[in-house]
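[1] Would you be able to build a 3D model of this:
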Amino acid sequence: MLTLDLIQEAAARIDGRVHRTPVMTSRSFNEVAGCEVFFKCENLQRAGAFKARGATNKILSLSDDDKKRGVLAVSSGNHAQAVALAAREAGVKAVVCIPDDAPKMKVAGMRSYGADIRVFDRHKDDREAFGRDIAEREGLVQIPAYDDYFIMAGQGTCGLEFVEEVPDMDSLLTPCSGGGLFAGVSTAAKGLKPSIRCFAVEPDTANDTQQSVEKGERVKISPSPTIADGLRVQTPGELTFPITRQNTEAVLTVTDEEIIETMRFMLFRMKLLVEPSGAAAAAAVFKRKLPSGCKRAGVVLSGGNVDPEILLRAVNASGEE
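    Okay, here's the model as predicted:
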């Protein structure tokens with residue numbers, strides 16, 4: 001099970017191997033949002049995203065025999081980069097399976113870390129079966145993107161740091177895809193401060209978690225066209241979903257246009273480069289989707305790996321700078 005103790009053990013295990021990312025504030029963002037907002041900048045994390053935490057914790061927890069076999073990850077980008085980096089530093093072979101439309105910048109990152117890259121068709125192939133077949137054929141240990149307690153615990157270290165630094169937050173938001181980040185961060189936050197209100201955030205066209213929470217069981221949706229490539233998982237994780245359902249007060253959604261607008265504001269006003277998936281939770285606060293009682297909100301900026309064409313779209317979007 002995912003517990004505060006497991007997250008604290010992860011923090012000790014990965015200490016010195018990942019960054020303790022800064023918490024930033026912006027008066028101009030607060031004015032638009034109508035509340036005080038604190039940003040946990042995982043866009044400044046190693047490999048450019050929070051995924052470094054979970055991947056490092058999982059790989060370091062493997063037995064020596066498993067490390068000798070090598071590892072495999074299935075991911076649209078950030079998890080694959082994180083596994084490639086963590087594996088390289090642990091002296092472990094890494095194979096990453098990515099969709100053919102994965103962002104070029106993220107693919108370049110995986111390659112720079114020495115990963116063996118395999119490509120599948122997001123719209124035709126079953127991603128999990130694709131990875132499982134390779135792992136079984138080549139004897140590799142699979143490193144799940146989210147549906148694993150060591151992965152969730154690693155991501156939860158972000159929540160530990162956040163609450164330690166801003167203990168008087170009344171609410172906390174993270175982007176949500178498979179649910180590993182939200183499950184970890186919300187468990188850590190509520191473990192340290194039971195009264196904190198937690199919200200998961202998804203694109204409105206990729207709202208599998210919102211539908212699942214409303215229905216009370218995991219729902220699978222069609223592949224989403226959202227600009228937030230890291231939030232395109234089609235169904236919540238089997239292990240993450242019960243935690244998400246228990247810890248989230250509500251699942252909020254944002255449009256691609258709201259994400260782009262928020263990215264642009266953060267780039268020009270705050271000098272922060274955040275990828276679309278990483279800006280989803282910030283967009284929910286920016287567009288005042290939080291309940292009115294939330295006055296001191298913590299937001300996880302989950303990643304900063306932006307493809308140039310997406311960055312240009314944000315730069316050229318209409319709006320005041």
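[2] And stretch 140-155, what's buried?
    140-155 (16 or more other Cβ atoms under 10 Å). Heads up, the C-betas are built off the backbone N, CA and C, glycines and all.
[3] Please state the offset of stretch 204-216 from the chain centre?
    Put simply, stretch 204-216 sits 17 Å off its chain's centre (Cα atoms, centre = their mean, to the nearest Å).
[4] ok, now stretch 2-16?
    Taking Cα atoms, centre = their mean, one finds the center of stretch 2-16 at 18 Å from the center of the full chain.
[5] Just the CA coordinates for it, please, in CSV.
    Provided in CSV are the C-alpha atoms of stretch 2-16 (Å, rounded to 0.1, in the frame of the first residue of the first chain):
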residue,chain,number,x,y,z
LEU,A,2,1.0,3.6,-0.4
THR,A,3,1.7,5.2,2.9
LEU,A,4,3.5,8.2,4.3
ASP,A,5,6.2,5.9,5.6
LEU,A,6,6.8,4.5,2.1
ILE,A,7,7.1,8.0,0.8
GLN,A,8,9.5,9.1,3.5
GLU,A,9,11.6,6.0,2.7
ALA,A,10,11.6,7.0,-0.9
ALA,A,11,12.8,10.5,0.1
ALA,A,12,15.8,9.0,1.9
ARG,A,13,16.6,6.6,-1.0
ILE,A,14,16.6,9.3,-3.7
ASP,A,15,18.2,12.0,-1.6
GLY,A,16,21.1,13.6,-3.6
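[6] what about residue 159, distance to residue 149?
    Spatial separation of residue 159 from residue 149 under the definition Cβ to Cβ, to the nearest Å is 15 Å.
[7] Give me the pLDDT value at residue 318.
    We have a pLDDT of 67 for residue 318.
[8] now swap in residue 76 and tell me
    73.
[9] What is the end-to-end distance of stretch 284-299?
    Length of stretch 284-299, first residue to last, Cα to Cα, to the nearest Å: 10 Å.
[10] same question, stretch 69-85
    For stretch 69-85, the first-to-last residue distance is 17 Å (Cα to Cα).
[11] cool, stretch 225-242 as well?
    Separation of the first and last residues of stretch 225-242 by Cα to Cα is 26 Å.
[12] Just the buried positions in the lowest-mean-pLDDT helix or strand in the chain, please.
    Scoring the helices and strands of the chain by mean pLDDT, DSSP states H and E places helix 104-112 at the bottom, with a mean of 87. Neighbour-count burial for helix 104-112 flags 105, 106, 107, 109, 110 (criterion: 16+ other Cβ under 10 Å).
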